[in-house]
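Engineer: Next comes the sequence, and after it the predicted model I'd like to discuss.
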Amino acid sequence: MSEDPTSRPDASESTRVVDIARARSGDKADCLNVGVIADDALAYRRLETHLTADVVAQRLDGLVAGEVTRYPLANILGFNFVATEALDGGGQASLRYDTQGKTYAAIVLETTLPPLE
Amino acid sequence: MSDTDDGTRIGCGAGFWGDRPDAAGQLLEGGGLDYLALEYLAEVTMGLLDRLRRSDRDGYATDFVRFVVEDSLEMALAEDVTIVTNAGGLDPAACAAAVREEAAAQNLDVEIATVTGDDLTARLDEIHDRTRGGLCHLDTDEPYDTVREDVVVAAAYLGAFPVAEAIETGADVVITGRVVDPALVLGPLIAEHGWEREQYDRLAAGIVAGHLIECGTQVTGGNLSKGWREVDFANMGYPIAEVDSTGTITVTKPPDTGGTVSVATVSEQLVYEIGDPSAYLTPDVSADFTTPTLEATDRNAVTVSGVRGTQPPDQYKVSVHYRAGYKLAGNLLYSAPNALEKAKQGADILEERIQELDLSVADTRVEFIGHDAAHGPAASDKTDHNEVMLRFAARGTDRDALRRLGMEFAPLSLTGPPSVAGLTDQGRPRPKPIVDAWPTLVPRDAVDPEVTLYE
């Protein structure tokens, strides 16, 4: 995991989300949210362009049965992704080990984004 | 009451029931607090409290009495720090009685106020019947009738004004049942700053302050997604929000503690467990999380300003908890060579046994801990594991069928693939009741918050 800002990838190269952003996930009943926050304005543009709701839905395929919606938080250079029917019934009913989707932010962080044209 | 001119300092010494027992002491010793907030009620906790209550145990968060009151009430009273907590759970009166009993044992004189009126269990059918169109699930629109017969608890998320009213009685300790978590912080701010119902920007600032500290150390470096190697987790500082009368917030932590407060830690917590960030709904205000700006103003101090809010919704959110059958999970550990292949065969055997025995099981789930239990299909492909833990989970309404399934795990230590260890860990797992949450909305006039002072 690259945590040194000087090693941030060039926008003309593909990048993993983790190299340009941070993220945290949690639950509300059977809904999951993943908040992703860009490290800087350029990273925010990359997320805005390439980390779409569809891309996140694809990454969470097999875990999320419902829809993924993306909401911007430009004030913190962030996006909030909300997924419905995401946790096999949620907190109490879910048969998953991770009943609350706490580890799912890490899935989104491992997404590879193409170069920013 | 406050050390500084204008800012009210509120610390959060519990982010959930199970947080560090000594956190409140740390904040009281080094926090310079006006208020100590303690949050115990996760969505899943209400169902648990109901189970405890039905088995004649306490229906409140006993950690509060066992640790905070026993260890720190004396200091809170001496320092004139008001404690505000939702530890009351399903029984704030019993929690208040336990606090009084403990205080008396320590020869302490304590005034307690409770906030109740959140418990709608006995009235839910009546509220449903007189609500146009009836109650339905907040996310799925499922009608109330699908859960009606199985409801065990229904609790409305109350707002901050009754919390402020309880503080204004002069109580040393305010104990609530279900309130929106940030109300434990907004309530004190309303009481201190005299904020009124239509001052939506200020109320929204109080909600943001509460949201930022309600999960304890998650805003001071806990769970930080990048940079976590540099965080001193063992000596973690619990968070403090200092909020002035205009709604400018500074998030910080006690000096000489671990953890870190930065724009990174605060922004990660801002997005934690939210839906549409432009409308974080509470009974007092709809807070717009897309409005505040964050700025590091000192070492371990981040100032959050410019929060905007608008009129709250006409309804209260209610968390309905209902019996939804049973589930069980059992584990078996398989070692290399071919650990994953062996574990997969173990799972196949269990599935086959369910068929052979004709067990009525609604759903099963197979996870391989060490391989895909966290990330499912998103986990990377690999086959070369030192060891893999098979986790096999099942649920359904037929408790006996699940109990019978639970007897199929231990035999795999003799009748399945080799190099398996399974008898020591839940060799015969038993089904546990599921009390599922069913969120809904009720009309505002169906809820009547109440403040009671115990002198």
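Structural biologist: Cool, the structure landed. From a predicted model like this one, the values you see are computed outputs, not experimental measurements. Residues are numbered from 1 along each chain as shown, chains lettered A, B, ... in the order given.
Engineer: Can you tell me the closest non-neighbouring residue to residue 16?
Structural biologist: Just so you know, I chose chain A. A:Thr112 (5.5 Å; Cβ to Cβ, 6 or more residues apart in numbering or on different chains). Just so you know, the C-beta spots here come from the backbone N, C-alpha and C atoms, and that holds for glycine as well.
Engineer: my question was about chain B
Structural biologist: Nearest to B:Phe16 is B:Ala42, by Cβ to Cβ, 6+ apart, at 5.5 Å.
Engineer: Per-residue pLDDT of the one you found, please?
Structural biologist: Looking at B:Ala42, its pLDDT reads 88.
Engineer: give me every residue that touches it.
Structural biologist: Neighbour list for B:Ala42: A:91, B:16-17 [criterion: Cβ atoms under 8 Å, 6 or more residues apart in numbering or on different chains].
Engineer: A:Tyr97: which of these is nearest?
Structural biologist: Using Cβ to Cβ, A:Gly91 is the member of these that lies nearest A:Tyr97, at 12.9 Å.
Engineer: hang on, the earlier thing: neighbours of the residue nearest to A:Arg16, just the number please.
Structural biologist: 12 (other Cβ atoms under 10 Å in any protein chain shown).
Engineer: Likewise for the one 4 residues further on?
Structural biologist: Other residues within reach of A:Leu116 by the criterion other Cβ under 10 Å amount to 17.
Engineer: Next one: the residue nearest to B:Phe16 relative to B:Ile369, how far apart?
Structural biologist: Applying Cβ to Cβ, to the nearest Å, the value for B:Ala42 to B:Ile369 is 23 Å.
Engineer: do the same with B:Arg57
Structural biologist: Distance of B:Arg57 to B:Ile369, given as Cβ to Cβ: 31 Å.
Engineer: now swap in B:Glu352 and tell me
Structural biologist: According to Cβ to Cβ, B:Glu352 and B:Ile369 sit 22 Å apart.
Engineer: again with B:Gly159
Structural biologist: B:Gly159 is 42 Å from B:Ile369, where distance means Cβ to Cβ.
Engineer: sorry, back to before: between B:Glu352 and B:Ile369, which one's more packed in?
Structural biologist: Neighbour tally, B:Glu352 and B:Ile369, criterion other Cβ under 10 Å: the higher count belongs to B:Ile369, 16 against 11.
Engineer: Mind listing the residues bridging to the more buried one?
Structural biologist: Counting by DSSP bridges, B:Ile369 is bridged to B:Met389.
Engineer: now the strands for chain A?
Structural biologist: Residue ranges of the strands in chain A, as given by DSSP state E, are A:15-16, A:21-28, A:31-38, A:68-73, A:78-83, A:112-113.
Engineer: what does the first one rub up against?
Structural biologist: Residues outside strand A:15-16 that contact it (Cβ under 8 Å, 6+ apart): A:9, A:46, A:109-113.
Engineer: among those, which are in helices?
Structural biologist: A:46, A:109 (DSSP state H).
Engineer: now the contacts of strand A:15-16: which count as buried?
Structural biologist: The neighbour-count criterion (16 or more other Cβ atoms under 10 Å in any protein chain shown) marks A:9, A:46, A:109, A:111, A:113 among those as buried.
Engineer: Can you redo those as CSV, where the extra columns are distance to B:Leu390 and pLDDT?
Structural biologist: Listed next are these as CSV, based on distance: Cβ to Cβ, whole Å; pLDDT from 0 to 100:
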residue, distance to B:Leu390, pLDDT
A:Pro9, 39, 73
A:Arg46, 40, 97
A:Leu109, 27, 98
A:Thr111, 29, 97
A:Leu113, 35, 97
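Engineer: what are the ranges of the strands in the stretch 201-350 of chain B?
Structural biologist: Remark: strands assigned in the stretch 201-350 of chain B by DSSP state E, counting those that start in this stretch are B:240-243, B:249-252, B:280-281, B:286-288, B:293-298, B:301-305, B:308-310, B:315-335.
Engineer: The first one pairs with which strands?
Structural biologist: Strand B:240-243 has the following sheet partners, assigned by DSSP bridges: strand B:8-12 (antiparallel), strand B:249-252 (antiparallel).
Engineer: got it, and the fourth one?
Structural biologist: Each strand paired with strand B:286-288, and its direction, by DSSP bridges: strand B:280-281 (antiparallel), strand B:308-310 (antiparallel).
Engineer: With mean neighbour count added, can I get these in CSV?
Structural biologist: Shown next, in CSV, are these (neighbours: other Cβ atoms under 10 Å in any protein chain shown):
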stretch, mean neighbour count
strand B:280-281, 20
strand B:308-310, 19
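Engineer: Show me what whichever residue of chain A sits closest to chain B is bridged to.
Structural biologist: Of all residues in chain A, A:Gly35 sits closest to chain B, at 2.4 Å by Cβ to the nearest Cβ. Beta-bridge pairing for A:Gly35 (DSSP bridges): A:Arg24, A:Asn80.
Engineer: and it, what does it touch?
Structural biologist: A:23-25, A:73, A:78-81, A:105, B:268, B:270-272, B:274.
Engineer: between the strands of chain A, which gets nearest to B:Leu402?
Structural biologist: strand A:21-28 (24.4 Å).
Engineer: quick one, that closest one and strand A:78-83 angle?
Structural biologist: Using axes from the mean of the first three to the mean of the last three Cα atoms, to 10 degrees, the direction of strand A:21-28 lies 40 degrees away from that of strand A:78-83.
Engineer: CA atoms only: put strand A:21-28 into PDB for me.
Structural biologist: Provided in PDB are the C-alpha atoms of strand A:21-28 (Å, rounded to 0.1, in the frame of the first residue of the first chain):
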ATOM      1  CA  ALA A  21      -7.900   7.900  -1.800                       C
ATOM      2  CA  ARG A  22      -9.000   6.600   1.500                       C
ATOM      3  CA  ALA A  23     -12.300   4.800   2.500                       C
ATOM      4  CA  ARG A  24     -14.500   3.600   5.300                       C
ATOM      5  CA  SER A  25     -17.600   1.300   5.100                       C
ATOM      6  CA  GLY A  26     -20.500   0.500   7.400                       C
ATOM      7  CA  ASP A  27     -24.100  -0.600   7.600                       C
ATOM      8  CA  LYS A  28     -27.600   0.600   8.200                       C
END
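Engineer: Could you measure from B:Leu294 over to chain A?
Structural biologist: 6 Å (Cβ to the nearest Cβ, to the nearest Å).
Engineer: now do B:Asn300
Structural biologist: On the measure of Cβ to the nearest Cβ, B:Asn300 and chain A end up 18 Å apart.
Engineer: re earlier: how near is the residue of chain A closest to chain B to B:Asp150?
Structural biologist: Distance from A:Gly35 to B:Asp150, by Cβ to Cβ: 34 Å.
Engineer: One more: B:Ser286?
Structural biologist: Between B:Ser286 and B:Asp150 the computed distance is 32 Å (Cβ to Cβ).
Engineer: So which of those two has more stuff around it?
Structural biologist: B:Ser286 (20 against 15).
Engineer: Where does pLDDT dip in chain A?
Structural biologist: Applying pLDDT under 70 to chain A picks out residues A:1-8.
Engineer: which residue ranges form the helices in the stretch 101-250 of chain B?
Structural biologist: For the stretch 101-250 of chain B, the helices defined by DSSP state H, counting those that start in this stretch cover B:124-130, B:161-168, B:183-193, B:200-213.
Engineer: JSON lines for these, including mean neighbour count, distance to B:Arg391 and mean pLDDT?
Structural biologist: Output for the helices of the stretch 101-250 of chain B, formatted as JSON lines (neighbours: other Cβ atoms under 10 Å in any protein chain shown; distance: least, Cβ to Cβ, whole Å; pLDDT from 0 to 100):
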{"stretch": "helix B:124-130", "mean neighbour count": "15", "distance to B:Arg391": "36", "mean pLDDT": "96"}
{"stretch": "helix B:161-168", "mean neighbour count": "23", "distance to B:Arg391": "41", "mean pLDDT": "98"}
{"stretch": "helix B:183-193", "mean neighbour count": "28", "distance to B:Arg391": "36", "mean pLDDT": "98"}
{"stretch": "helix B:200-213", "mean neighbour count": "28", "distance to B:Arg391": "33", "mean pLDDT": "98"}
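Engineer: If anything else comes up later, I'll come back, but that's it for now.
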